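Colleague: Okay, predicted coordinates and the sequence, questions at the end:
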Amino acid sequence: MPIPRHLRACGQWAARVLVVAVAGFGVSLGLAIATLSPASAEGEIIRLTLATNLSGPIEGVEITVTDDAGDEVAQGQTDDEGRFEEDLPGPGEYTVTINADDLPEGVTAAATERTVTVPEGGVGRVAFALSDGSIGQSGGLSRIPQLLVEGLRFGLLIAICAVGLSLIFGTTGLTNFAHGELVAIGAIVGWFLNVDAGIPLIASTVIAMAVGGFVGWLNDVALWGPLRRRGSGLVAMLVISIGLSLALRYLLNIIFGGRSQPYSDYRGQRANEYGPVALTDKDLYSILISLVVLVLVALMLQRTKIGKAMRAVADNRDLAASSGINVDRVIRFVWIVGGALAALGGVLFGLSDEVSWDMGFKLLLLMFAGITLGGLGTAYGALLGSIIVGVFVQLSTLVIADELKYVGGLLLLIVILVVRPQGILGSRARVG
Amino acid sequence: MSEFLDILALSVKSLVSQSAVFFALMGVGLNLHFGYTGLLNFGQIGFALLGGYGVAISVSMWGLPLMVGVLVGVIAALVLALLLGLPTLRLRADYLAIVTIAAAEILRLVFRSTPATPITGATRGLSNFGQDFYALAPFETQGTYDFLGSTWTGREIWAVLVGWFLVTVFSLLIWQLMRSPWGRVLKSIREDEDAVRSLGKNVYSYKMQSLILGGVIASFGGMILVLATGSANPDQFQNANTFLAYAALILGGTARVLGPVIGSMILWFIIAFTDAGLAALIRNDLIPDEILSAPDVANIRFILVGVGLMLLLIFRPQGIFGDRREIVLDAH
């Protein structure tokens, strides 16, 4: 994958080590990914990090690297951050072995040996799956509470992103395929502010939301508003949104680079146990923030004048217009709110799963699943549907591999359309 | 100057290259769906994936003959069309769009997942399934040949020849079908579904036939792609490719038999020209590295296509050859 030159220049990014805590499995898995450095002046480097969700970084594990002839080319121990770094003599196939005896009590490795092919100046990755046997080690049904909470967190996050998408659909009829990019823009703006400019993440998030709101406003002022006044067809607008999504997504790839990157704040947190559930602080706060924001959105829709106007326009645009509501102003407001919420969702998603250029598109299909399930165009439907999708996606890891969990969400989308196309809160008339 | 000529030769080559063939076949299928029937299929790449992997898995994993592999690919595409169409063809256009894009993404994710490794080779993909195909060539496929200022391997030439033969066959088929009563029903479904229904036609069944035929045509595109590149890899089937095919189709003109074919050739000429041109500008330091580095060039095409798609739809939705009266894009 392409990596922008400015990132390559600073060595610490060049081999950013990814620690993905897959707590969703209950058997808290720590995935240590050894990232092979792209071409630098010194030649090929191998770096890896060992950590699990509960134990944190693991120090003092012996690592051996051998080449394809079986000769040892590098050897050493992980440091206090669980990291290991050595130079390699050149490109080729290498075997990385960890000494399982050095792992702390209770932590086991699914495999202690991994083979990786290092192209010249290329990037290779190897991961050791570590299990710290913290919660629900027996597997099966005891994982359900943990998965439910994880699913709630994920579902609330989808909901934050999807409320705007659903309101935009409700008020303008536009199926906006570029909504995922609003999410990614928020996450990436937050990343640059947090990592490059060193602004604390909370402040970065607020600025990212402002930028997201501005991008939403710009969307309406520069593109969708004029098209609406011109009377463009909905199918044409849908394809235009696809074009916008493609252009923005690959622009983000060039700006941000092809790899996922974490924020610099709140990293390497350990999970705290709450009864049968283990959560890191950032996951806990992510749930709380999402809940507060969604309650505020609901209050706005229910109590404020503009919120009532939004619901009125979504319900029946002509009737709303004839009763004196300025429909264009309401739609513009929907875009601003939608953009800001999408940006917030992006930052929260980046906090739990790292920031990447195509995270928006990955989330987009789940957002569609959520708002279709809830009923296209209804704000509360989007909320309810998204939470169900999030919980379903996490629970599906009980029966299918973790990497396929999004597939579960997409299958759910298809099943909904077979069984109840208008969704839970939608009305039959919208199906057409 | 010679560098410019090289770039031009490369661009001319891509006018007829395997990419142009692949997107022409995807586009011909999409034209049937979108241009003639008005179906918003956003998962065309899923059909191509099944075609490509149908051949690759049958030949390299199951040791079946090539022709059986082709059959497997076609049947897989047919089944996908049925599975997608049954629930969604009764619903509004954007539901089909969402479901098809979701299905294509499901297929790609499943094919590249670790549990699927014994069948699909996961992210590494499959290779070693092309021998039978190249053995069919009536000329020596090991050598290289020079045409139009660029060098072609024998294998490339054979794959491209077969590909354009298929494009011709399917274009003729579409041309004849659209002159038939069957084609006229499809076009009237695009214009006014309810009117067609009131004439006693089974709209649902016609839409399904259109979805199946267009999907099968795309599956042949996938077969040509994997045979020409010699490997089947899930990331060849990124869903962004569906939208490249849409761009080609709309550029050439929807609801025109040759629209997707010409559109695909022009699109690939533009893509190859900008790719090679930008690479040359970067190489000669005319574009500073901070703005654009060599690995980014591959992404530029998607930005171009995205912006191009928007501009086309806003300013010239009928494309180059299309007829404004015959497009669904302006429909209210």
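Modeller: Thanks, I have the structure now.
Colleague: And the strands in chain B?
Modeller: Along chain B, the stretches classed as strands by DSSP state E are B:126-127, B:144-147, B:150-153, B:231-232.
Colleague: Out of those strands, which is closest to B:Thr274?
Modeller: Of all the strands of chain B, it is strand B:150-153 that lies closest to B:Thr274, at 17.3 Å by CB to CB. Using the backbone N, CA and C atoms, a C-beta is placed for each residue, glycine as well.
Colleague: Quick one: list the elements packing against the closest one.
Modeller: Contact here means 3 or more CB pairs under 8 Å, 6 or more residues apart in numbering or on different chains; DSSP states H and E; on that basis strand B:150-153 packs against helix B:2-15, strand B:144-147.
Colleague: nearest to chain A, of these?
Modeller: Closest to chain A of the helices and strands packed on strand B:150-153 is helix B:2-15 (CB to the nearest CB; 19.4 Å).
Colleague: Quick check: which helices or strands does that closest one pack against?
Modeller: Packing partners of helix B:2-15 (3+ CB pairs under 8 Å, 6+ apart): strand B:150-153, helix B:259-283.
Colleague: Restricting to C-alpha, output stretch B:255-270 in CSV.
Modeller: In CSV, the C-alpha atoms belonging to stretch B:255-270 read as follows (Å, rounded to 0.1, in the frame of the first residue of the first chain):
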residue,chain,number,x,y,z
ALA,B,255,-29.0,2.5,-23.7
ARG,B,256,-26.7,2.4,-26.8
VAL,B,257,-25.3,-1.0,-27.9
LEU,B,258,-21.8,0.4,-28.4
GLY,B,259,-21.9,2.9,-25.5
PRO,B,260,-20.2,0.7,-22.9
VAL,B,261,-17.6,-0.6,-25.4
ILE,B,262,-16.5,2.7,-26.7
GLY,B,263,-16.8,4.2,-23.2
SER,B,264,-14.5,1.5,-21.7
MET,B,265,-11.9,2.1,-24.4
ILE,B,266,-11.9,5.8,-23.9
LEU,B,267,-11.9,5.5,-20.2
TRP,B,268,-8.8,3.2,-20.2
PHE,B,269,-7.1,5.5,-22.7
ILE,B,270,-7.6,8.4,-20.3
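Colleague: tell me the mean pLDDT over that stretch?
Modeller: If you average the pLDDT over stretch B:255-270, you get 90.
Colleague: how far is it from where the chain is centred?
Modeller: Centroid separation for stretch B:255-270 versus its chain: 11 Å, with CA atoms, centre = their mean, to the nearest Å.
Colleague: That stretch and chain A in contact?
Modeller: No - judged by CB under 8 Å from any CB of the partner chain, stretch B:255-270 stays clear of chain A, getting no closer than 13.3 Å.
Colleague: what's around the residue nearest to B:Leu309 when sequence neighbours are not counted, how many residues?
Modeller: Closest residue in space to B:Leu309, ignoring its immediate chain neighbours: A:Gly243 at 3.3 Å, by CB to CB, 6 or more residues apart in numbering or on different chains. Residues lying near A:Gly243 (other CB atoms under 10 Å in any protein chain shown) number 25.
Colleague: I'd say A:Gly243 and B:Val307 touch.
Modeller: Yes - counting by CB atoms under 8 Å, B:Val307 is a contact partner of A:Gly243 at 6.8 Å.
Colleague: sorry, back to before: put together a markdown table for the helices and strands packed on helix B:2-15, with mean neighbour count on each row.
Modeller: A markdown table is the format used below for the helices and strands packed on helix B:2-15 (neighbours: other CB atoms under 10 Å in any protein chain shown):
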| stretch | mean neighbour count |
| --- | --- |
| strand B:150-153 | 14 |
| helix B:259-283 | 21 |
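Colleague: got the contact list for B:Ile98?
Modeller: Applying CB atoms under 8 Å, 6 or more residues apart in numbering or on different chains, we find B:Ile98 in contact with A:175, A:365, A:368, A:372, A:413, B:42.
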